[in-house]
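In: I would like the atomic coordinates for the input below:
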Amino acid sequence: ARLKLADLLGDPAHERELTLEQAATVLQLLSVANAQSPRLMETYQLGLEVWEHTGAAPRAEDLTLLVQGTDDFPRSAELACRTAKLLLTADRRAEAFALVERATRLGASGPLRQSLGELYAGLVREAALNGQR
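Out: I've put the predicted structure just below:
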């Protein structure tokens, strides 16, 4: 799956978007990998990378799989932060907020800490405007 994704994204990867068909190809490979034991963090990281390079919001089942990754690897602030960002694209704010809170408690540093702070502040501000949380 990693090699297929690298092939599809080309060089440099950050400037290229995947079509839904290309994303589905890689996600199918990741689904097979995720069915193996033990589950690997790299499987979830690659799934996040696929959706981060796709112009569409992730499907519900893909988000469920990514959230499972945060449960399988609860000490990964990076995994939680990236998953929270994708949850927001699907308007799943409560789940995103819970992941951001958990990741913040893990004590991230550098750019990840800044990203978590921005996510947290945005979610709190939005909740205040909507009279929630």
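In: drop to CA atoms for contacts and neighbour counts, all remaining ones
Out: OK.
In: Just name the shakiest helix or strand of the chain by mean pLDDT.
Out: Between all helices and strands in the chain, the lowest mean by mean pLDDT, DSSP states H and E belongs to helix 2-9, at a mean of 65.
In: So which bits of the helix or strand following that helix are buried?
Out: As assigned by DSSP states H and E, the chain's next helix or strand after helix 2-9 is helix 20-34. Buried residues in helix 20-34, counted by 16 or more other CA atoms under 10 Å: 22-23, 26-27, 30-31, 33-34.
In: what about the helices in this structure?
Out: For the chain, the helices defined by DSSP state H cover 2-9, 20-34, 41-52, 60-72, 77-89, 93-105, 110-130.
In: got the angle for the third one vs helix 77-89?
Out: Yep, that's helix 41-52 we're talking about. 30 degrees (axes from the mean of the first three to the mean of the last three CA atoms, to 10 degrees).
In: Let me see the confidence value for the spatially closest residue to residue 120 that is not a sequence neighbour.
Out: Closest residue to residue 120 apart from its sequence neighbours, by CA to CA, 6 or more residues apart in numbering: residue 100 at 6.4 Å. For residue 100, the pLDDT comes out at 92.
In: ok so, going back, which two among the buried residues of helix 20-34 are spaced furthest apart?
Out: The largest separation in the buried residues of helix 20-34, counting by CA to CA, is between 22 and 34 at 18.5 Å.
In: how about the spatially most central residue of the chain, what does it touch?
Out: Centroid-nearest residue in the chain, with CA atoms, centre = their mean: residue 83, separated by 2.7 Å. By CA atoms under 8 Å, 6 or more residues apart in numbering, the contact set of residue 83 is 48, 63, 66-67, 70, 96, 99.
In: In a markdown table: those residues, plus distance to residue 79.
Out: Compiled in a markdown table, the contacts of residue 83 are given as follows (distance: CA to CA, whole Å):
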| residue | distance to residue 79 |
| --- | --- |
| 48 | 8 |
| 63 | 12 |
| 66 | 9 |
| 67 | 9 |
| 70 | 6 |
| 96 | 12 |
| 99 | 9 |
